[in-house]
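[1] Return atomic coordinates for the entry below.
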Amino acid sequence: MFLDNLFSRIRGNAGSAQTAVAATPDKATKVTPAETPTGPSGPYRGDAPLDNEELDLFDRAPFANRIADTIGGRSDPSSLVVAVYGPWGDGKTTVLNFIRNRLRMHPSIITVTFNPWRMEGEQALLQGFFVTLADALDKDLATKSERVGDFLKRYGVLLKAAPGGWADAALGAGAALSSASIEELKERVGTLLHKANRRVVILMDDIDRLDKMEVQAIFRLVRLTGDFENTAYILAFDEKMVATAIGEKYASSSGNPYEAGTNFLEKIVQVPLHLPPAAPDALRNYCFNLVDEALSESGMKLEQGQVDEFVRHFIDGIEIRLKTPRMAKRYANALHFSLAILKGETYPPDLMLIEGMRMFFPELYDTIRRNPESVLRTQSRNKGNSGLDKFIAANTKGMSEQERKAAENLVEALFPRTRTSIYGGNWETEFARDQRIASEYYVQRYFTYGVNRSDVPDTQLNAFIASLSQEDVAGASAVLKGMITERNAEKVIFKLRDLEETIEPTSAARLSIAIARNSIHYPDPKGLISFQTPLKQAAILISQLLRRVRPGLRGGLSLEVISEAETLQFACECARWVYTSEDSERERILTMAEEKAMRTALGKRIEKHCKVLSAPIYVLEPHKAGTYLFNWSLCSGPDGPRDYLSKHVTNDPESIFGLMKCFLGTGWGMTTGLPIETDFERDTYDTMTRIIAPETVVEALRSIYGDLLNNPQFHLSKREPRELRLANQFMFIHEHVALEQLAKEAQAAAADAEGDKAPN
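    As a prediction, the model looks like this:
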């Protein structure tokens, strides 16, 4: 259990968080956290107030009992208006419930509960008040001579005549009472209460939920009826909200509605009382109980380290803004939702903390949700006015210094790269492995509450990995096919690479074939860092999976990958990453004989592919032809591709430009980021002439341009056609290569001549 671990950690620092004391008239009952009743069960916490003092976690019962006992013990018959001030969700209704229960211990008290928020319509509220009061008095004060309720109900009926809204209804109440003699009403009610030795206490709640016109009308009503003898009002509301609503009608000369409303309340309320704030440790205790319920409902269990991490960052970053029990309930409800739908897809402490930010620092949360890159990258902390400092300052306006510091702590806990520059590229892998919000691969999950189509659910991927030990190759390939698309291929391959060292040998072999059979889905966009494409990363993954397989089985598996690869391009890429050159320092995957067999198989597959095409491969597949032809030469020797190309170029000399362009690299504009034309350089010449005799190219180019190539220029004007510039560059390099060769031959001949002259 979360709390089993949690309370053992916080007892030493949280004092009274260990127990909650609920005072009753006769005794104090200790409720341990594990025994604390938590109200109605279910996945979401309601906002129902408490009615049982034994469930009081915030020591409100003693406060309520003192109010009730003071009113119940009064001998002065004069009226009294008591106000209990507190913010929304702080437990005002619970306090009224405790007061009502305590007043029942005073036989002389008639308790009337009136909730104006439940009245539909403005006029109905005033009518409802008199009817509620009348029914309560009739129940307790009915005599043979008269029923005071009948007298009071007159005013509820008269109010129906008020044609307008609250203003007319309130005036109607005054007119009705005036016409019937307000003094007579006071005398009748007072006499009856005095004869019966009874008092009336009217409890009024939810005033701060009304609109401003209704709030104003309620207090006109209290002012009108609040001086009845042997009566008392206990009103519960948020002082600031109600004072502002009243003040809009009775604004002071300063124009400050709150100030005007406060002055008005002072004329009506004789005893203003502020609800005692919940002790921070008790409120934390209560919140953690609700968090535990959310975790239990989701079936999620935290490791001890995760518990410690959450508690530490909750206290340092969130607790300062946890002010009321309702806030704790709303936070718990948010966790019930997010933990359930993101189970297995995120890092639980991060999810719980970001939900805390959403509830308690909404402006900060919204900024990060819309601009996650602002916290995913390292921020400079060399000076006081750093990037993070500016970010926090911009999103915590109006907060105290302590709240700003708490917000900063929360951001640093969730996004560590804002705290220090030591987090480099490797940390992204660590963050992603742990499903942290600080990972660019995972951050959106925390804000969208789901896995978008460019990603794959971790639960699905983990289930697939687990099934490999039971599935055959066909089954594994089918499952992967149903899971991977071109949109999510990058994420799937990235996550599989992250798991590659944990996959068992048999599963690794099956996964290799499944990846090869689905290679059509792996994009290979051109870019500056070409090995980071999904296709190349998938090939690297297969090379790593081969290492997981027993050495004696690797050769056969590599041949199967080459033959089963869905695309020839992927087969070439796999061979590239499995092959180990003689000067390489990395450990060899295959034996030299196994490598030769693999390359032979690839060469035959390329040859077959090229020869069945209806046109030269460099015409039909220009973006892949260079790779295929080079690998064909590498695997089977140069004769095969040279004969193939010689035939096609001889038949169609102008097609030579298509072949040349296949070997040109991709350039990128430094300012535009767009691909640009590149020159035919010496390394391009060397690569191309491995697969086609240079004389064949020269013959084709001269058949097109003739004497224009007698004095080739490498830097021909760009106003000239692209093909003519390429032809000049090829011929320029070709002539220099010929000169280099002649120089080498002359050097060798000279060396031989010197050797002949040397004395025996």
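
[2] number of nearby residues for the residue lying closest to residue 427 once chain neighbours are set aside?
    Nearest-residue entry for residue 427: residue 417, 7.1 Å, with adjacent residues in sequence omitted and distances by CB to CB, 6 or more residues apart in numbering. From N, CA and C alone the C-beta is placed, and that goes for glycine too. Using other CB atoms under 10 Å, residue 417 has 20 other residues around it.

[3] Isn't residue 417 up against residue 373?
    No: applying CB atoms under 8 Å as the test, residue 417 and residue 373 come out as separate, 11.1 Å apart.

[4] What separation do you get for residue 532 and residue 127?
    74 Å (CB to CB, to the nearest Å).

[5] Looking at the two, which is more packed in?
    residue 127 (21 against 13).

[6] Okay, and that one sits in which element?
    Here residue 127 sits within helix 122-141, counting by DSSP states H and E.

[7] Now do that helix: distance to the chain's middle.
    Distance of helix 122-141 from the chain centroid (CA atoms, centre = their mean, to the nearest Å) equals 51 Å.

[8] for it, packing partners?
    When contacts are defined as 3 or more CB pairs under 8 Å, 6 or more residues apart in numbering; DSSP states H and E, helix 122-141 sits against strand 109-114, helix 148-158, helix 166-179, helix 182-195, strand 199-204, helix 212-225.

[9] any idea which of the ones you listed scores lowest on pLDDT?
    Here the lowest mean pLDDT among the helices and strands packed on helix 122-141 goes to helix 166-179, at a mean of 48.

[10] Just the strands from the stretch 651-760 of the chain, written as ranges.
    667-668, 675-676 (DSSP state E, counting those that start in this stretch).

[11] can you tell me the helix or strand for the residue nearest the centre of the chain?
    Centroid-nearest residue in the chain: residue 446, 1.5 Å away (criterion: CA atoms, centre = their mean). Counting by DSSP H and E, the element that carries residue 446 is helix 445-448.

[12] What backbone torsions are found at the residue nearest to residue 479 when sequence neighbours are not counted?
    Using CB to CB, 6+ apart and skipping the chain neighbours, the partner closest in space to residue 479 is residue 464 (5.5 Å). Dihedral angles of residue 464 (phi, psi; degrees, to the nearest 10) stand at phi -60, psi -50.

[13] Please report the number of neighbouring residues for residue 464.
    If we define neighbours as other CB under 10 Å, then residue 464 has 21 of them.

[14] Which residues are in contact with it?
    476, 479, 480, 483 (CB atoms under 8 Å, 6 or more residues apart in numbering).

[15] correct me, but the second one touches residue 465?
    No: using CB under 8 Å, residue 479 and residue 465 do not qualify as a contacting pair, with a distance of 10.3 Å.

[16] Count the residues that sit near residue 577.
    Neighbour tally, residue 577, other CB under 10 Å: 19.

[17] did I read that right, it in a strand?
    No: according to DSSP: H, G, I helix; E, B strand; the rest coil, residue 577 belongs to no strand; its state is helix.

[18] Switch the contacts of residue 464 over to TSV; also include neighbour count and pLDDT.
    Formatted as TSV, these follow (neighbours: other CB atoms under 10 Å; pLDDT from 0 to 100):
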residue	neighbour count	pLDDT
476	24	96
479	17	96
480	22	96
483	17	94
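
[19] can you list those residues in JSON lines and add distance to residue 632 and secondary structure?
    Output for those, formatted as JSON lines (distance: CB to CB, whole Å; DSSP: H, G, I helix; E, B strand; the rest coil):
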{"residue": "476", "distance to residue 632": "31", "secondary structure": "helix"}
{"residue": "479", "distance to residue 632": "34", "secondary structure": "helix"}
{"residue": "480", "distance to residue 632": "29", "secondary structure": "helix"}
{"residue": "483", "distance to residue 632": "33", "secondary structure": "helix"}
